[in-house]
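Asker: model the structure of this input:
(chains A and B)
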Protein chains: 2
Amino acid sequence: MHVLPELGFAQFSLVYNTLSLAIAAMFASFAFFVMARSQVTAKYRPALVMSALVVGIAGYHYFRIFESWSDAYVLAESGMYVATGEPFNDAYRYVDWLLTVPLLVAELVAVLALPKSTRGSIMTRLIIATVLMIGTGYPGEIATDITTRAIWGAVSTVPFVYILYVLFVELSRAAANESGEVKTLLNNTRLLLFATWGFYPIAYLFPQLGIDGAWATVGLQVGYSIADIAAKCGYGVMIYAIARAKMEAAGESVDAAPAMRHA
Amino acid sequence: MHVLPELGFAQFSLVYNTLSLAIAAMFASFAFFVMARSQVTAKYRPALVMSALVVGIAGYHYFRIFESWSDAYVLAESGMYVATGEPFNDAYRYVDWLLTVPLLVAELVAVLALPKSTRGSIMTRLIIATVLMIGTGYPGEIATDITTRAIWGAVSTVPFVYILYVLFVELSRAAANESGEVKTLLNNTRLLLFATWGFYPIAYLFPQLGIDGAWATVGLQVGYSIADIAAKCGYGVMIYAIARAKMEAAGESVDAAPAMRHA
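Answerer: Next up is the predicted model:
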């Protein structure tokens, strides 16, 4: 169990308000992805449904993390926030990732609307790899000694590298016939995923690097929250943009009988 | 951390009931914008979705502000409301604006359904400017000395003026071909935005002007709430009116097979 450092008013509030921001962002995104389904044709809707599930699940977990954070601290006479003894349950994040990360990689494959044979194989391998990545990262996260942490961290890196290989090599091959705009969007989406996921291993290394104390705790919580908002809400919006760009490239529309109206 | 003044029964209740009014107005507006999507053609729906997200996010924050206000005060033996020591977290407003203000400017651009090239450029610049405006206002808001507050207030005014320039000069040029009714509505919507946003810098100046105490706290909370209801619910309804006016000007309808019926 991690010992919570004493925090100043601004430090406690920054985490508190960032967690609340994440709740608002996740649930607003949920409403957005549910409504955005009517802006795309049927074959792109599974991707938007997955985006909605991801942010819905994350919204629930941020609500729990927010409550846990509020219960873990109390404002003391000194004007500082001190630990109440109630543990701050950061494991909600792992539970969240176990459900949302497979969905995140699946939605990227889904929006490309690849032929069924290619899609099935890529999706299955990606989902297994993400579950292995998060499952093996967890024992390291809760370990109290640095060595156990380092070993599980190294094990977890193997599926992570495999995911990157599938997304950047195999998926590029499968999307070779897409239009220029779709290719650019696909590339930006993968880069966003890579950049935001990059925060998690860095945060994982904090104890190894000896980074600790009040600002480390604050930086970790704020960093995780911003990375999650970008990797879930921002990423989902880019998936939606890919669907719309593919519709445009194919001359598809969601309006009833558009061909007749424009005739 | 702001010290909360002692409040009379009427003063405390006025804020309490106004915050509850805001919750009701925001969530009712959310339901309205979600349902109103079916009254417009596909190209105007993104604007209504954004209106729905804005009031949904604001409804969540008003719920939090209401809870925080209730927890911050207790009715004493004297019949007065006194601070419990639990801080009143007014920062929810900034978190709210960070998410809703970019959406508010984006929905105005979206409802005009401009050509993709013009729309993208205007929207990107407006969103960056709003984030800069709110991001630089915040350090001033939490500052304890008047000078720091004044400096950040001045910095924040620069993007604010730029936003006004884009909305009143660039957007007028882009909407030059609109019908008379649409132009009037567009103008009224911008004026509503300008008038309601005008309250925020005035409220920001309160400490500079030496306005403090019980009625200042009450005036600030009631003023913010009314400004928010006008700037989010009222503004969204006007965006809807613009969409309907544009549909009418173009002879569009959401009824099935309109061409045949009017034949």
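
Asker: contacts only, for residue A:25.
Answerer: Going by CB atoms under 8 Å, 6 or more residues apart in numbering or on different chains, residue A:25 touches A:229, A:233, B:99. In short, each C-beta sits where N, CA and C put it, glycine included.

Asker: is residue A:74 in a bridge, and if so with what?
Answerer: residue A:82 (DSSP bridges).

Asker: and it, what does it touch?
Answerer: Counting by CB under 8 Å, 6+ apart, residue A:74 makes contact with A:81-82, A:84.

Asker: of those - the most surrounded one?
Answerer: residue A:81 (23 neighbours; other CB atoms under 10 Å in any protein chain shown).

Asker: could you measure from that one over to residue A:6?
Answerer: 7 Å (CB to CB, to the nearest Å).

Asker: one more: residue A:164?
Answerer: 39 Å.

Asker: likewise for residue A:20?
Answerer: Taking CB to CB, one finds residue A:20 at 22 Å from residue A:6.

Asker: and for residue A:61?
Answerer: 26 Å.

Asker: who's more crowded, those two?
Answerer: Shown here are residue A:61 and residue A:6; by other CB under 10 Å, residue A:61 has more neighbours (21 against 15).

Asker: and that one, what does it touch?
Answerer: Contacts of residue A:61 (CB under 8 Å, 6+ apart): A:92-93, A:95-96.

Asker: burial measure for the closest residue to residue A:79 other than its chain neighbours, as a count.
Answerer: Closest residue to residue A:79 apart from its sequence neighbours, by CB to CB, 6 or more residues apart in numbering or on different chains: residue A:9 at 6.5 Å. When neighbours are defined as other CB under 10 Å, residue A:9 has 14 of them.

Asker: pretty sure residue A:9 is touching residue A:81, no?
Answerer: Yes - between residue A:9 and residue A:81 a contact is recorded at 7.0 Å, counting by CB atoms under 8 Å.

Asker: overlap in contacts of these two?
Answerer: Counting by CB under 8 Å, 6+ apart, the residues touching both residue A:9 and residue A:81 are residue A:75.

Asker: just for the stretch 151-263 of chain A, where's the confidence low?
Answerer: By pLDDT under 70, the low-scoring segments of the stretch 151-263 of chain A are A:256-263.

Asker: run through the helices of it in chain order.
Answerer: A:171-174, A:180-197, A:199-205, A:214-228, A:235-249, A:258-261 (DSSP state H, counting those that start in this stretch).

Asker: and residue A:148, what is it in contact with?
Answerer: Residue A:148 makes contacts with A:139-140, as judged by CB under 8 Å, 6+ apart.

Asker: work out for me the element it sits within.
Answerer: helix A:146-165 (DSSP states H and E).

Asker: give the next helix or strand downstream of whatever helix or strand residue A:29 lives in.
Answerer: Per DSSP H and E, residue A:29 falls inside helix A:9-36. For helix A:9-36, the following helix or strand on the C-terminal side (DSSP H and E) is helix A:45-72.

Asker: can you report how many residues neighbour the one residue in the stretch 101-250 of chain A that gets nearest to chain B?
Answerer: Using CB to the nearest CB, the single residue of the stretch 101-250 of chain A nearest to chain B is residue A:248, 9.2 Å away. Residues lying near residue A:248 (other CB under 10 Å) number 14.

Asker: interface residues of chain A facing chain B?
Answerer: A:9-10, A:13, A:16-17, A:20-21, A:23-25, A:27-28, A:31-32, A:35-36, A:38-39, A:75, A:79, A:253-257, A:260-261 (CB under 8 Å from any CB of the partner chain).

Asker: what about burial for the residues you listed, which qualify?
Answerer: Buried subset of the residues of chain A next to chain B (neighbour count, 16 or more other CB atoms under 10 Å in any protein chain shown): A:13, A:16-17, A:20-21, A:23-25, A:27-28, A:31-32, A:35-36, A:39, A:253-254.

Asker: start to end distance for stretch A:202-221?
Answerer: End-to-end distance of stretch A:202-221: 13 Å, with CA to CA, to the nearest Å as the criterion.

Asker: ditto for stretch A:228-239
Answerer: Rule used - CA to CA; the end-to-end distance of stretch A:228-239 is 16 Å.

Asker: identify the residues contacting it?
Answerer: Stretch A:228-239 is touched from outside by A:21-22, A:25-26, A:28-29, A:32-33, A:47-48, A:51, A:54-55, A:58, A:62, A:100, A:104, A:107-108, A:111, A:185, A:188-189, A:192-193, A:195-197, with contacts defined as CB under 8 Å, 6+ apart.

Asker: same question, stretch A:102-117
Answerer: A:43-44, A:46-47, A:50-51, A:53-54, A:57, A:119, A:122-123, A:126-127, A:130-131, A:163, A:167, A:171, A:174-175, A:178, A:186, A:189-190, A:193, A:231-232, A:235-236, A:239, A:242-243, A:246.
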